[in-house]
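Engineer: Need the 3D shape of this:
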Amino acid sequence: MSIEGQDFINLADKLLKDKDYNDEPTFRTIISRVYYGCFLYLIPSLGFSYRTYLKKDKIGKIHQMVIKTLKDRNYELGTYLESLRRYRNNSDYFPDEDISINEVRTSINLAKQIMANV
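Structural biologist: Model prediction:
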């Protein structure tokens, strides 16, 4: 089974609508999956190869390369992706900071705008 970026966005939408999971761990999961969904969608869309860049020695660089490439093509969309990554970093690495439902909704909307306009 393979998975695509859009699959993560679809999961985020489902989790957001499921009232049984209306809590901060779910919000953090949604934000994280939204970023990765958008990121995975963009890799081939921007001409990158999963196999070339998703190796241990290059894994950290690919995120910045994708953001920079998107900014070069469409600055506004690139800043959206940069914001998504910042939301994702906050949700994954700063458990002492609160994550709001507004940040979740903003993340989903930013990802959808990026994916619709690339």
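Engineer: Tell me which other helices or strands the strand or helix carrying residue 25 touches.
Structural biologist: Using DSSP states H and E, residue 25 sits in helix 24-45. Packing partners of helix 24-45 (3 or more Cβ pairs under 8 Å, 6 or more residues apart in numbering; DSSP states H and E): helix 5-17, helix 50-53, helix 59-73, helix 75-93, helix 101-117. C-beta: built from backbone N, CA, C; applies to glycine.
Engineer: From the centroid of the protein, which residue is nearest?
Structural biologist: The centre of the chain sits closest to residue 35, judged by Cα atoms, centre = their mean, with a distance of 0.8 Å.
Engineer: how far away is it from residue 20?
Structural biologist: Taking Cβ to Cβ, to the nearest Å as the measure, residue 35 falls 23 Å from residue 20.
Engineer: Same question for residue 64.
Structural biologist: Relative to residue 20, residue 64 is positioned 37 Å away (Cβ to Cβ).
Engineer: Residue 66 now?
Structural biologist: From residue 66 to residue 20 the distance is 34 Å (Cβ to Cβ).
Engineer: Neighbour count: those two, which is higher?
Structural biologist: Set residue 66 next to residue 20 and count neighbours by other Cβ atoms under 10 Å: residue 66 wins out with 22 against 7.
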